[in-house]
Every structure is written in structure tokens, then in C-alpha cells.
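K.L.:
Here you go, sequence then predicted model.
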Amino acid sequence: MKEYVERLRQAVIDYDMEGIGALAEEALAKGLDPLVGIEEGLAVGIREVGRRFGAGELFLPELVMAAEAMRAGVAVFQPRIPEGAGRTVHRVLLATVQDDIHEIGKNLVATMLTANGYEVVDIGVNKPVEEILKEAERIGAEVIGVSALMTTTMPRMKELIDAAVLRGARHGKRYIVGGAPVTEQYSKDIRADGTAGDAPGAVQLVNRLVGDG
Amino acid sequence: MSGISVRRGYPMLGPADLDAIHGAALEGLERVGVRIGTARGRRLLQEAGARIDEATHIAKIPAGVIEESRSRIPSEVVLFGRNPAWDAHLDLEHVHITNDGNGPLAIDWQTGERRPSTSKDLERCALVSNALENLHVFWPMVPCQDAPASVRTLVDLKTSLIWNDKHVEFATAVTPQEARHLTAMAAAVVGDLKELRRRPIISSVHTSIAPLQYDARNMDTALAFGEAGVPVSIFTMPSPGVSGPVTLAGSLVVAAMEFLSGLAMCQLANPGCPVIWGTGVAPLDMKTATRAGGGPEEGMTGAAVTELAHFYGVPSLCGGFVSTASAPGTQAAMEKFVSGLSLVLARADMICGIGLLEDCRTLWLEQLFIEDEMISMIRRVADGIAVTEETLALDVIEKVGVGGTFLGQRHTMNHLKREHFLPKLLDRRAYDLWVADGRRSMEDRARALVREALEREPPNPLDADVVTELDRIIGEARRLAPLAA
């Protein structure tokens, strides 16, 4: 079994998107515990890839391909995990605020968070405060990340956090903000839980807030 | 090893311009002539059909003499490396980079003080040069001023050979005797003179004196190198408005007259010898009275000389990546980029200039890495946009579809390193990360790379007995020197 765990880990590191599904099936047929396959195989592999990317050894497409490989592996293992033995996944909701349709940065953050093992629900652009809070509640997001590219839409971030405070949704959830006009100071002023200048920084931020790092 | 390839060149001159400059140069050689300081050169030209005024030493050279010498040009000049992996084939297609040479000053690596250069500086130049991605030929960037003047050029060569394994080009040999000693040193490294003729691992630069003059000793030295099969560059550098017409086309005519008469002497003395057209045509700044080597003109004229040189069938050696700035920074980057870009896109066979500031005067080791990165960027421009079924990628576009991402496609990674310039020194991180990392400048980052490079060992060390032989030749030269310093 140890051999399969090692091979799964390596398949993620080698971003074997095409071959990892068959490997996972084979491992299951030989009796590998699907939860072990995910947590000791795939997840360890993706953490190693994340570490190498952070150290400047890998390019973003390699990270994304490794995440694709991980996703393909999880798709095989997940349905075979017995009820009640579920694994802990940190869920992140991402959106671009109302009246703003810019999404390149947000999408990169989504990609990188996914590649680092987070479950990301990206609800898209031009999202009103109400919808963001409702969706976050529905999916049980631990982190809510909102993006704005324009100074004119940036105040929506403050509206979101104020609304969350009003309805008691501030507690137990983390709110992060990002986008070209957003600075560390603005994030503090509106009492957000943090911001980052780029997508790798966003991963570090989320790691600090809810993850293992 | 080939140099930088250029998918689609950017011509500075059209075919009619080339014809016009060539025509004017031929007419000028016949009507105005060139002062030939060397008696040997005058005799060679006279025997070939030139008219010599023995009082002024001016040779008026008919077109037939030039045509005859052009017919003797070798098909290709190769600058062989001590390590054959560095052989630079000047095939008129690829661009090669060489350091700038002969800067008399250096910024002391440890103290930052600006002072006369020493052999230690040259060693450091070589170590840093060894670590560059885009350096093909080594030019001793600074002279070893701690060595006696009588043998300094020889010590420069010895130091260059010990600390680097690429071809060595130099520009400080000024007597035929020096040429013989330098040739003997290179022969000691490759085996003997016969092997050196087959694989010349050194080459020498000789300047004409603008406008339209050749010094006796300098040209005799070039001819002595030619006898041994060592390539020579005839370096022409009229300054537009001072030692050439203010118009760039006019100064190109002067440069062409100087080069063609020099080429004729070389080919008449040693038929088939390898000759390169060197050029550094930069205006004088008419307000500060300093040479404006960092202006756009030097790259433009170098591009034009390259086209003329290729028309004649010889490679070019162009001054480029020049800056008049006193310190690294914005001005140095602007000046170096503008000439470098013009020259690479013109397919200049060799470009010399990296690593020095103050118009080729002062060594800054950090500049070598900064300019190496600049060359990598220009190399990307030169590589152009490849259009094939694979690069058009319609199948990948279909696979990803509307609204998807190409990040996770194998196609992306398969082509990334060729399609995108990947920086080593440019800092593209977000502001906060830059601040957190100590707000380091380009120069700071380059300094870190220099520090690493200085810790490495030189490649392919010379055998101890070869070094002994080099020292013996230097000792002999010192005894023979009329003014032993």
C-alpha cells in the first residue's frame, strides 16, 4: 500500500493528469483506503508542489497541472470514502464585487488556492453583497475573498464587511480583499482580515488564517 | 555554439542606400585617398595599382584594388574558443556578444572606490563573465595596470586565458613584436603555431585614425597577426561632426573608406586572412564635448556598418551597449538598450560594450549581469513570433473553450520557456513583497549574483607547464622591451 501512496504522491508532483485516474483505480482495487490515498498520497504531493512553486522552482502552469492531477485523483477516491469518514476541506468563496467585472486576478487566486488544496467556489463577477453573504452561508465557506479593480467599486468591500457585522456573519468567517487599488492600509481601515499583492501572497494569507501554514 | 538568431532582421539601410554608400566610398578612395603610415602598406597598395604621394603618404586607391582584395575574403570567420564549445562562427546570421574592453578604471568590488584597474579586476571580470548566459567571446575588460606597461598586453592575455575558456579578443597590441609574443602565447596554449593557424583562439582589434588615416605601427601589427592566421578587426570610428561629416551617411562613407583600404592592405599582405569590420561611430556631444557613445546613433551606424560588411562578405564588430552614465541606473539602461536593440536586430556579428560605464571607461561588475538580462530580453525580440499550426493552437483553444484557463494545458508548459522571456533580475513581484524583501534595487540583486559568481572556479584550468611557458614568453618580452618599466 505504501508503494501506491508514494506513486500517487509522485503522480501529482509529475502532473500526470492523464494517468493518475487509472493509478487511483488500481490502488483501490488492491485495497488502498481512499482516505489514505487522498491525505497521504495526493495531498502530500500537492503540498510539495506548492512548496516548490513558492521556492521559485516551478512555473504556475506546472502548479495548475499538478492541481488538475490531484483533482482527477480525488474524483476517483472521494465517492469511495465511507459515510462519516469524511476529510476536512477548507472552503473559500471568491467573487468580484457589484458593478465590477474584472476577474483575472481573482481567477488566479482561485487557481492557486485550488492548487494548494483548498476547495474554491468562485461565484463570478458583479456580485451584490447580499448574494455573496448568502452563498457563503450556504456552502459553509470559512474564507470569503472579494476583488475590485476600480476605486469606484472598492467601497463595496466595506459594505460587505459592514453587512456581515450587522447580520452576525462576521464571527467565524474570514474576509479577505484584493485588487489593484487595494492596499494594506485600506484592508485595515475597513477591518478586513487581510490582503495580498499577488496570488501567491493570497495563498499565504489564507494559510495563515485557516490553513495549516 | 551559435550566437543569437534573428528571425526577421530590421534593416537600417535599403539596397539603394548600400549602393550609394559603397559607391561614394569607392569614389572617395580614388579622389581623396587615405594616409597610410606604414611603408609596407604603401608598397602593397602601390604594387596593386594605387597612386602614392610619397610626401604626404596619401594613397589614392582605384576601385579595382578594392575589388581584388574583396575577392580574397575568406568564406567564414570563426573565433575559436580555448574550449571548442565556445567556437563562435561569425556566419553573418548570428549575433555574438563580447565584453567591452580596455576600461582604464574600475569600481573596487569591495570598497566601491573608483580607481585604476588591476589584474585582480580582470580576474573578477572573467569569473563574472563565465556566469553570463549571453556572452560568447571574452575581451579583457580592463588592463592589468599592476603589470609593467611594456608587457601589460601580454599579462592581460595570460590572465584572460587562465580565468576564462572562451575566445579572447584584445585591442592593445601596438607593435609587430607584441603581435609575435601574443601569438606565441596563444600557440603555447593550443600546441604550436600550426595549430593556432587552424584554430586561432585570439584575435586583435586595430583602429584607423579618423578621418582617413592609418598609423604605421598599428597596421604593421595587424599584418603580423594576419601572417599567423589570427583574425583582426579593423576598427573605424569617425565621430560625426568632428572626424567625419555630421550626417551619419557621410560618416559611414568615411568609415567605409577606412575599412576598405585597411582590408586591402590585409588581403594583399596575407591573402585569405580573416578580417572583421569594427565600428564605433558615435557623435561628440556638442555641449559637453564628450563622446556620446550611449546615444541612438552608435547603434544605428553599427547596424548600417553590419549591412555594408555583410554586403562585402565580412562580419562586423560593433560598439554597442554603451553608456555615458557615471553610475548604474536609468540612464545606463536607456542608453545600453537602444544601441543593443538596433544592433541585435541588424544581425551584428559581434557586439562589444557590456560591463563598462562612462563611455567604455569604468568597470562595474554588476553591469555585466544587468546587461546579460537586457540581452536576454532583446534575444526574445530577435526570436520573433513563430507562426505554425502548433503555435496557432486552435485545438487547444477549442479544448479550453470559452471562459476557461490555458494554465493547466500541457501546451502551455511545452512552449512557455521559448515563448516567454523569463527574467532573472527584473523584479515583477507585488509592491508589498518588494518592500518586505528590503526594497532591493536591480543593482542590489545583480550584486548578489556577482558575489556568487566570484566564488566559482575558472573552467578548464591551463596546464602548469603551459602557464610556465606563458611566463617565460612574458619574461622574454620584458627583457626585449626598449623601455622596460
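P.N.:
Thanks, I have the structure now.
K.L.:
Which helix or which strand is home to A:Ala66?
P.N.:
helix A:60-77 (DSSP states H and E).
K.L.:
What segments of the stretch 251-400 of chain B are strands?
P.N.:
B:275-279, B:316-319, B:350-354, B:356-357, B:362-363 (DSSP state E, counting those that start in this stretch).
K.L.:
and if you look at chain A?
P.N.:
A:91-96, A:119-122, A:143-147, A:174-178, A:194-195 (DSSP state E).
K.L.:
out of these, which comes closest to chain B?
P.N.:
strand A:194-195 (8.5 Å; Cβ to the nearest Cβ). Heads up, the C-betas are built off the backbone N, CA and C, glycines and all.
K.L.:
Low-confidence ranges, the chain, go.
P.N.:
Went with chain A since none was named. Applying pLDDT under 70 to chain A flags residues A:86, A:212-213.
K.L.:
Chain B, not that one
P.N.:
B:1, B:482-485.
K.L.:
Start and end of stretch B:81-92, how far apart?
P.N.:
Distance between the two ends of stretch B:81-92: 18 Å, counting by Cα to Cα, to the nearest Å.
K.L.:
Any chance you could list what contacts stretch A:206-213?
P.N.:
Here stretch A:206-213 makes contact (Cβ atoms under 8 Å, 6 or more residues apart in numbering or on different chains) with A:90, A:92, A:113, A:116, A:118, A:142-143, A:145, A:174, A:176, A:193-194, A:204.
K.L.:
and the host helix or strand of B:Ser69, what does it pack onto?
P.N.:
Taking DSSP H and E as the criterion, B:Ser69 maps to helix B:63-70. Other elements packing on helix B:63-70 under the criterion 3 or more Cβ pairs under 8 Å, 6 or more residues apart in numbering or on different chains; DSSP states H and E are helix B:15-31, helix B:39-48, helix B:248-269.
K.L.:
Could you export the last one as PDB, CA atoms only?
P.N.:
Extracted in PDB, the C-alpha atoms of helix B:248-269 (Å, rounded to 0.1, in the frame of the first residue of the first chain):
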ATOM      1  CA  LEU B 248      25.500  59.700 -40.400                       C
ATOM      2  CA  ALA B 249      25.600  58.700 -44.000                       C
ATOM      3  CA  GLY B 250      28.700  60.900 -44.500                       C
ATOM      4  CA  SER B 251      30.500  59.300 -41.600                       C
ATOM      5  CA  LEU B 252      29.600  55.900 -42.900                       C
ATOM      6  CA  VAL B 253      31.400  56.800 -46.100                       C
ATOM      7  CA  VAL B 254      34.500  57.800 -44.100                       C
ATOM      8  CA  ALA B 255      34.300  54.600 -42.100                       C
ATOM      9  CA  ALA B 256      33.900  52.500 -45.300                       C
ATOM     10  CA  MET B 257      36.900  54.300 -46.900                       C
ATOM     11  CA  GLU B 258      39.000  53.500 -43.900                       C
ATOM     12  CA  PHE B 259      37.800  49.900 -43.700                       C
ATOM     13  CA  LEU B 260      38.200  49.100 -47.400                       C
ATOM     14  CA  SER B 261      41.700  50.500 -47.500                       C
ATOM     15  CA  GLY B 262      42.600  48.500 -44.400                       C
ATOM     16  CA  LEU B 263      41.000  45.400 -45.800                       C
ATOM     17  CA  ALA B 264      43.000  45.800 -49.000                       C
ATOM     18  CA  MET B 265      46.300  46.000 -47.100                       C
ATOM     19  CA  CYS B 266      45.400  42.900 -45.000                       C
ATOM     20  CA  GLN B 267      44.400  40.900 -48.000                       C
ATOM     21  CA  LEU B 268      47.300  42.000 -50.200                       C
ATOM     22  CA  ALA B 269      49.800  41.100 -47.400                       C
END
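K.L.:
Can you give me the buried ones in the helix holding A:Ala66?
P.N.:
Buried residues in helix A:60-77, defined by neighbour count with 16 or more other Cβ atoms under 10 Å in any protein chain shown: A:60-74, A:76-77.
K.L.:
cool, stretch A:38-51 as well?
P.N.:
A:38, A:40-47, A:49-50.
K.L.:
anything in it sitting right up against chain B?
P.N.:
No: for stretch A:38-51, no contact with chain B is found by Cβ under 8 Å from any Cβ of the partner chain; the gap never falls below 12.8 Å.
K.L.:
Could you list the residues in contact with that stretch?
P.N.:
A:4-13, A:15, A:27, A:58, A:62-63, A:66-67, A:69-70, A:73-74, A:77-78, A:81, A:87, A:115-117, A:203.
K.L.:
Can you give me the distance of the residue of chain A found nearest chain B to A:Gly54?
P.N.:
Chain B sits closest to A:Gly197 of chain A, with a gap of 2.5 Å, by Cβ to the nearest Cβ. Noted for A:Gly197: a distance of 15 Å to A:Gly54, by Cβ to Cβ, to the nearest Å.
K.L.:
With neighbour numbers in mind, choose between these two.
P.N.:
It is A:Gly197, of A:Gly197 and A:Gly54, that has more neighbours when counted by other Cβ atoms under 10 Å in any protein chain shown, with 20 against 15.
K.L.:
So what does that one have for phi and psi?
P.N.:
phi -80, psi -20 (degrees, to the nearest 10).
K.L.:
Let me see the contact set for it.
P.N.:
B:429-433.
K.L.:
That one - nearest residue in space that isn't next to it in sequence?
P.N.:
B:Ala430 (2.5 Å; Cβ to Cβ, 6 or more residues apart in numbering or on different chains).
K.L.:
What of B:Asp146?
P.N.:
Closest to B:Asp146 by Cβ to Cβ, 6+ apart is B:Thr118, at 4.6 Å.
K.L.:
do the same with B:Val253
P.N.:
The nearest residue in space to B:Val253 (Cβ to Cβ, 6+ apart) is B:Ala24, at 4.6 Å.
K.L.:
Go through the helices and strands packed on helix B:63-70 and pick out the most buried.
P.N.:
helix B:248-269 (a mean of 25; mean count of other Cβ atoms under 10 Å in any protein chain shown).
K.L.:
Check the burial of the residue of chain B found nearest chain A by counting its neighbours.
P.N.:
In chain B, the residue that lies nearest chain A is B:Ala430 (2.5 Å; Cβ to the nearest Cβ). When neighbours are defined as other Cβ under 10 Å, B:Ala430 has 15 of them.
K.L.:
And A:Ile104, by the same measure?
P.N.:
A:Ile104: 9 neighbours (other Cβ under 10 Å).
K.L.:
So which residues on chain A come close to chain B?
P.N.:
A:17, A:59-62, A:64-65, A:67-68, A:107, A:111, A:184, A:196-198, A:201.
K.L.:
Pull the contacting residues for residue 97.
P.N.:
If you meant another chain, say so; for now it's chain A. A:126-127, A:129, A:146-148, A:153-154, A:156-157, A:160.
K.L.:
hm, I was asking about chain B
P.N.:
By Cβ under 8 Å, 6+ apart, the neighbours of B:Ile97 are B:3-4, B:134-137, B:350-351, B:354, B:375.
K.L.:
Just the buried subset of the residues you listed, written out for ChimeraX, thanks.
P.N.:
The ChimeraX selection below is limited to those of the contacts of B:Ile97 classed as buried (16+ other Cβ under 10 Å):
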select /B:3,4,134,135,136,137,350,351,354,375
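K.L.:
Distance to A:Val210 added to the contacts of B:Ile97, as JSON lines?
P.N.:
Listed next are those as JSON lines, based on distance: Cβ to Cβ, whole Å:
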{"residue": "B:Gly3", "distance to A:Val210": "52"}
{"residue": "B:Ile4", "distance to A:Val210": "49"}
{"residue": "B:Asn134", "distance to A:Val210": "45"}
{"residue": "B:Leu135", "distance to A:Val210": "49"}
{"residue": "B:His136", "distance to A:Val210": "52"}
{"residue": "B:Val137", "distance to A:Val210": "56"}
{"residue": "B:Met350", "distance to A:Val210": "58"}
{"residue": "B:Ile351", "distance to A:Val210": "54"}
{"residue": "B:Ile354", "distance to A:Val210": "49"}
{"residue": "B:Ile375", "distance to A:Val210": "45"}
